[in-house]
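Enquirer: Next one to model:
(chains A, B and C)
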Amino acid sequence: MAETKYLSEHYDKKEYRTLEGYKKLGGYEMLAKALKMQPQAIIDEVKASGLRGRGGAGFPTGSKWGFLPNNGEPRYLLCNADESEPGTFKDRVMMEKAPHQLIEGMLISAFAVKSHKAYIYIRGEYMGPTMILEQAIREARAAGLIGKNILGSGFDCDLDLYLGAGAYICGEETGLISSLEGYKGQPKLKPPFPAVQGYLRKPTIVNNVETLAAVVPILRDGAAGYRKYGTEKSAGTKLFSISGDVAKPGTYEVPLGIKLMDFINVEAGGMKPGRKLKAVVPGGSSAPVLTAAECQDATLDYENMAAKGTMLGSGAIIVIDDSRCMVDVLSTITHFYHHESCGQCTPCREGTGWIEKIVKGIVKGDGKPGDVDLLLKISDNMKGRTICALSDAAALPVLSFVTKFRSEFEYFINEKKSQILGTKLYAQSSPYAAHAEAH
Amino acid sequence: MSVVQKPKEVTNWYLPGILSGMGLTFKKMSRNLATVLRGGRALNSRSEMMTLNYPEEKYEYSPRFKGNHVLTVKKDGSIRCTACMLCATNCPADCIKITAAEHDDPTVEKFPIAYEIDILRCVFCGFCEEACPVDAIRMGPEWQRPGVNGAPFVYDIKELAYRPQLKGGIVSVVDEQERHKAGI
Amino acid sequence: MLKCTINGKELEVKEGTTIIEAFHQNGMSIAHYCWHPGLSVAGVCRLCMVEIVGNPRLQIACNTQVTANMVINTESEKVKDAVKWGLDFHLINHPLDCPICDQAGECGLQDQYMAFGKYDPEMAEKKVKKHKVVDLGPTVVLDSERCILCSRCVRFTNEVSKTDELGIFNRGDRAEIGTFDGKPLDNNYSLNTVDICPVGALTSKDFRFRQRVWLLKEHKTICTGCSTGCNIRVFYNKEGLFRNKPVYNKDVNGYWMCDVGRDTYKFVNKSSRLLDGRVAKNGRGEWVLPTVAAEKAGEHLRDAKANSKSIALVLTGQYSVEEYEALVGYFKNELGTDKIFHWINNPDSIDKFDGLLYRGDQNPNTKGLIEVLTKHGIQTQWRALIEGLSTGAIGTVVVAGPENQAAFPDLKAKIMEISRASKLIWMQAGKNEQLEQLEGDVTLIPLKTYVEKDGTFVNYAGIRQHVTKGVAVVPHALSLTEVTALFRGDDVQPEVAPDLVGQGRIHNEFTLVRGQL
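Expert: Take a look at the predicted model:
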């Protein structure tokens, strides 16, 4: 199936970035339409569209909005643009190509959830998108689209940009809220959930960039129009960022439910010449890996991925071909989670470090016979034991890599060299090697 | 298994017992006298002489004998003890007295400024040795130490770790620096 | 009230109770570090795992409220395994410092590992190295390697002392507790962080390396540092007292006590005590047994009874109600004087309060003293004593001086003032050179301190709290009740106890007992 440019329809036009160009292509019409609607009607429309959170968890957006308590407290809408999952870069594309689409989606959502203050929490490393968004917000504010009495409707909504400091954990919604409040970016205990007590202990909605942007076409085409794409339970289109050993890595928008292999072979241009598919990480580095065999009948939707024991996550597909050593790939992933664990909960704080040390030991040729089982035990005991999902995110790849590619790990431990490359490869191949050594 | 010898009837008779005992003594005495007269080697020839000329001559005990305590030292000659007081806690005779203090070196942290063993209370059970986590206290082969009043029987660090017989101190097998290096 | 079942036992708890509170209220044990009843819930140690029927995931007991008919279980293999691994995660980077760690013996990690541990460590990798012996402030030393990042101390400075000195810096297993530049941990409640630290990461500079905790006994008593009357435990052995720690009392001090109160053990120790009585003989002082000194003073008082207007009694707010009752009763009813004066040590700051525990009135029993004086209808002004002394109308002055001399900034001036009396009978627990050097007819009587006697203290709010005798640092010292009996001429048997407490710590006490051979 070919690429479906639904959200990304005008992404190739340069003027789409400017307010003028965006308006020319039908921008902010939906905002004007929304402001004349009842907020509840918008929520119902989003609910009916079956839109699910695009940030990773895939929680139905309409239901999330419905959790807000009706107690007259001020509400906050936060846009999670802290896109730090290794392999994910779709939000960056969206913010760079269509900043006004996000702003319009946020204003409509803010109107729907009756929030008068919205923030975009953007990843600290995203300097380019930040500047583009800042420019767009300035333009929109000057045009009276942000601020008091938007488009003469009497609805006030202020929108601000907040730059993170580059912590992966701030992409977790309560971590994001802590960071936005000015505290150390650490997840908070749930309950209370952010919808009840979030930013400044007030009801708060946190949504991904893509989710908020998708509100615009939903309002334009109606729930039924949106549901034309995708499957019954995974409605609509989604932007996937595909990277790794494919011919054409990049961000592509496709309807949910298409075949993974089609996506790799058609959109991403297939494998590099002469290479064979070995494994696919379908939803960012925290998703369990799929073997080539499992990939054959996999489809890109939430249900099929869950049935295969992995997840669609943020739609970051990392393709690994037969020239890669899985031990080395895992050593990079474990280093990332060790580096990014916030250090609050013990199993994650200590477990991520422990796992990295063991995997690093194997890669260096110092592996011990019991290491594979120990890795499984450690990650099994990290899973589901912490405040946020980072511990799971660190444990799941280990579990899947070690169970699905056990022979490679055992070969490395016994022979003290990689089965694929025939050497110890820590020093030359891992991009983190120098950094890790310095630690 | 023990063998019980029943006394013979003869041993109950008074005079023969006395005479046979004195006979044995006389026999040994004359043999020793003959050995001494034959040449000066007698003092050291243990095969022929059963007795020692104490205190000029002393018996050498096995290195594993549990006699007087020795405090071991580190490679640099400072005291190995970390003043954890496990020996004092474990001591059934309550004869160990340690006063701890903070060391200038943060890697050492705690060390004893006073370590005293009241040797007259000590029962030489070896529990202190058992309790020590860092091989700081051992029991050595020497044990006789005469004195005329109470004071010399309380051994301090100088006595326990650096007495002349130890020739500058016995080095402990547990090395903190190596432990740190190994990341334990 | 909600019904729930914990480990097969049916219980009723109040609405809003968390599971861990339900465990504690019913005396059941559950593994935990970061949860402290006096602090907010952090939920970071992940040890208080419970299985709730109907929930596939294990939940933490500290952040889960009991709901109606909840069935909670901590005895399943799943929970036990989770706790075992949770403990192992805590331990993998914990250093082997137990021999030199002050917490050993009362360490949460040691205790809980014995109860719930895994017993087969699998960590073969190098441990993470962090800073050791970090000076956090004037009272506390930090060892980051031992820290398990339970964040209790951080929450304490945030929520209780509200001084916000501590924070967690860095992240992951590099995270460390620390202070901000130029803002050390320096507040009057800083040592509570040492108490709540479940491991030996925070240690008190005052107690550091002075004694192993298993060699100490404890005795529950009341802090006499101020009129709040915090409930405390004193830790002592035959060498003396070593530290104070708070005991939970909902009405008085909650879980905490101040750093000033922690110093109140110091004046009890033998090195700062008046050990014997002293009487004037031929114009010179002579050391005698306390009972002898008191008897002699009693003889004098009974002689002076005829001129009872010349006898005055000065009382500080440092003694128990029973003692006041005996002494005031004797002076008022038997000697017939109503010249009984209340020595207020710091009249300017007596009403100060820091908002948490520490009060300006640094006497444990001012309220009790006023109560007794009112009961006997005594109303006097300090001025009257001064006037009486300068005119010579007052000849004999009996003083129950301060137990805690550090709390009496005017002590020196008051001694000067009162020593103008022709006959001075000064009773107090602490050593004071100025008193010993006084010339003239001076009698000194050593008194017992608050841990050496039974009695009642009335705190600022009128709460009556009893203390009991725990230790005998100076066994033959007297309480005011005993002194009164001796004044009256009754026979009091001096206490005989092995006089081991407070011998010089450098020396082996057995040598001293045995003496020379």
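Enquirer: drop to CA atoms for contacts and neighbour counts, all remaining ones
Expert: OK.
Enquirer: From the structure, what's the count of residues near residue C:360?
Expert: As a burial measure, residue C:360 scores 18 neighbours (other Cα atoms under 10 Å in any protein chain shown).
Enquirer: So it is in contact with residue C:352, correct?
Expert: Yes - between residue C:360 and residue C:352 there is a contact at 4.5 Å, judged by Cα atoms under 8 Å.
Enquirer: Quick one: residues in contact with the longest strand along chain B.
Expert: What stands out as the longest strand in chain B, according to DSSP state E, is strand B:110-118. The contact list for strand B:110-118 (Cα atoms under 8 Å, 6 or more residues apart in numbering or on different chains) reads B:79, B:81-83, B:95-103, B:153-157, C:100, C:209, C:506, C:508, C:510-511.
Enquirer: Any residue of the next helix or strand after that strand touching chain C?
Expert: Downstream of strand B:110-118, the next assigned helix or strand under DSSP states H and E is helix B:127-131. No - for a cut-off given as Cα under 8 Å from any Cα of the partner chain, helix B:127-131 has no contacts with chain C; the smallest distance is 10.9 Å.
Enquirer: What strands flank the next helix or strand after helix B:127-131, and is each parallel or antiparallel?
Expert: Where DSSP H and E defines the elements, the next helix or strand beyond helix B:127-131 is strand B:137-139. Paired with strand B:137-139 in the same sheet, following DSSP bridges, are strand B:69-71 (antiparallel).
Enquirer: which residues sit against whichever helix or strand comes after the strand it pairs with?
Expert: Later in the chain than strand B:69-71, the nearest helix or strand by DSSP H and E is helix B:86-90. Residues outside helix B:86-90 that contact it (Cα under 8 Å, 6+ apart): B:94-98, B:127-129, B:131-132, C:99, C:215.
Enquirer: what comes up buried for the strand or helix carrying residue A:337?
Expert: Using DSSP H and E, residue A:337 falls within helix A:326-340. Residues of helix A:326-340 classed as buried: A:326-328, A:330-340 (neighbour count, 16 or more other Cα atoms under 10 Å in any protein chain shown).
Enquirer: Do any residues in it lie close to chain C?
Expert: Yes - for helix A:326-340, a contact with chain C is found by Cα under 8 Å from any Cα, at A:338-340.
Enquirer: Do you know the pLDDT at residue A:436?
Expert: Residue A:436 is assigned 49 on the pLDDT scale.
Enquirer: just to revisit the earlier point, just the closest of the contacts of helix B:86-90 to residue A:204, please.
Expert: residue C:99 (50.1 Å; Cα to Cα).
Enquirer: my read: that closest one touches residue B:81, true?
Expert: No - using Cα under 8 Å, residue C:99 is not in contact with residue B:81, being 10.0 Å away.
Enquirer: pLDDT score assigned to residue C:515?
Expert: At residue C:515, pLDDT is 46.
Enquirer: Likewise for residue A:432?
Expert: 49.
Enquirer: Find the residue at the geometric middle of the chain.
Expert: Since no chain was named, I'll use chain A. residue A:314 (3.4 Å; Cα atoms, centre = their mean).
Enquirer: Actually, chain B is the one I wanted.
Expert: residue B:67 (1.8 Å).
Enquirer: Tell me if I am right that that residue is in a strand.
Expert: No - under DSSP: H, G, I helix; E, B strand; the rest coil, residue B:67 falls outside any strand and is assigned coil.
Enquirer: Looks like it contacts residue B:140 (just checking).
Expert: Yes - Residue B:67 is in contact with residue B:140 according to Cα under 8 Å; the separation is 5.0 Å.
Enquirer: Show the contacting residues for the residue lying closest to residue C:173 once chain neighbours are set aside.
Expert: Closest residue to residue C:173 apart from its sequence neighbours, by Cα to Cα, 6 or more residues apart in numbering or on different chains: residue A:349 at 5.2 Å. By Cα under 8 Å, 6+ apart, the contact list for residue A:349 reads A:338, A:341-343, C:172-173.
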